[in-house]
Structures are given as C-alpha cells and as structure tokens.
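S.K.: Structure for this input, please:
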Amino acid sequence: PILLEFLSDASSSQKREVSLWTLSQLVESTGCVVEPYNKHPQLLVDLLNFLRTEQRPAIRKQTLGLLGLLGALDPYKHRMNLGQIDTKGTESAPLIPINGDEDKDKEVSTSEMLVNNASLALDDFYPSVAISTLMRIIRDPTLSQHHTSVVQAVTFIFKSLGIKAVPYISQVIPSMMT
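M.R.: Presented below is the predicted three-dimensional model:
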C-alpha cells in the first residue's frame, strides 16, 4: 500500500519512478502476477494514466515493464473489481447481466459472458445470450417496432427451455413490465 501511495504522489516523479521499480522487482521476484490488480483495482487505472500523462521516458518505460510483468487481466473481472458490474443475484441466471436504468452503460458483451461462464454448457449459454440480447431490445424505446417480435421470441425460448427457463424469469419480467 505504501508503494501505491508513492505511485499516486504527483509532487515527486522520483518517488513514482522508485515505486514503479520496486513493484516491478517484487512482481518479478515473487511471480505474483494479476493478483495485485485484484487486490488493488485502481492500480491498472493508475498505470494506464501514467502512460497517457507522464512525460519522462524513464517512468513510461518502467510503467510498461511493470504492466508486462503483471500480465493480462480479464476485462470483465477488472470491471467487477472496480464495481462497474453488479454480481449480486447472478447465481440463478449467471449469464444475463443485471441492468437497471442506472446500469445501461455497463452491459456485458457476449464475449465477456462466454469468458466469465466458460464452465457452463453451451446449451445454457446460447439461450442466455439470446435472452440478454432480446432484453436489450425490449429496453430500447427506439426499437419499439420490434417489441412484439421480442416477446414472441422470449415466449418461444421459454417454451423450448421448459423448466430450465425458471432462472431467467427474474431478469425477463422487469424488462417486460416497463
């Protein structure tokens, strides 16, 4: 945490450079990759801001080195770490993102749904993607001419799924009611 404080210290570029070097040494020596992103979600944001704003080549180089050592982070998990994706209540139908009126800009892409739920069978994945996409259409007032077709499609999917459709009811009904 003290290294992260030094990273945020805008008054001293030397502190930032030394803290970047120290973090790089720690990550390289311990092999602890990606985990710092999970423990300190703001770290990736700060490092990317360094690349955008920092003028000193030494700090930019050190930042790139640290990003390389830390490794790649799943964008979906990073958004979850930052609190941009609501994960509460997703146990019943994990593939459909929860979207209230305030969460429209935080919708989950199909790729993120696939990566996040790779352990589920494709028989569960395809209906989830279809229902998720149909719910986006239903919530979009500019696509009102398609709403009747969406309701018919959801009805067909629910009939095809039978009892397996139950977990999706809590996500479909609120969208249909508005």
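S.K.: By average pLDDT, which secondary structure element in this protein comes out worst?
M.R.: Lowest on mean pLDDT, DSSP states H and E among the helices and strands of the chain sits helix 110-116, with a mean of 59.
S.K.: C-terminal to it, what's the next element?
M.R.: The first helix or strand that comes after helix 110-116 along the chain, using DSSP states H and E, is helix 122-139.
S.K.: average pLDDT for that following helix?
M.R.: Per-residue pLDDT over helix 122-139 has a mean of 82.
S.K.: With only the CA atoms kept, save it in PDB.
M.R.: Output of helix 122-139 as PDB, limited to C-alpha atoms (Å, rounded to 0.1, in the frame of the first residue of the first chain):
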ATOM      1  CA  LEU A 122     -23.300 -24.300 -24.400                       C
ATOM      2  CA  ASP A 123     -26.900 -25.500 -24.100                       C
ATOM      3  CA  ASP A 124     -27.200 -22.900 -21.300                       C
ATOM      4  CA  PHE A 125     -25.000 -20.300 -23.000                       C
ATOM      5  CA  TYR A 126     -26.900 -19.800 -26.200                       C
ATOM      6  CA  PRO A 127     -30.400 -19.200 -24.700                       C
ATOM      7  CA  SER A 128     -28.700 -16.800 -22.200                       C
ATOM      8  CA  VAL A 129     -27.100 -14.700 -24.900                       C
ATOM      9  CA  ALA A 130     -30.400 -14.700 -26.900                       C
ATOM     10  CA  ILE A 131     -32.400 -13.600 -23.900                       C
ATOM     11  CA  SER A 132     -29.800 -11.000 -22.900                       C
ATOM     12  CA  THR A 133     -29.900  -9.500 -26.400                       C
ATOM     13  CA  LEU A 134     -33.700  -9.600 -26.500                       C
ATOM     14  CA  MET A 135     -33.800  -7.800 -23.200                       C
ATOM     15  CA  ARG A 136     -31.600  -5.000 -24.600                       C
ATOM     16  CA  ILE A 137     -34.000  -4.600 -27.500                       C
ATOM     17  CA  ILE A 138     -37.000  -4.500 -25.200                       C
ATOM     18  CA  ARG A 139     -35.400  -1.800 -23.000                       C
END
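S.K.: With that, I have no additional questions.
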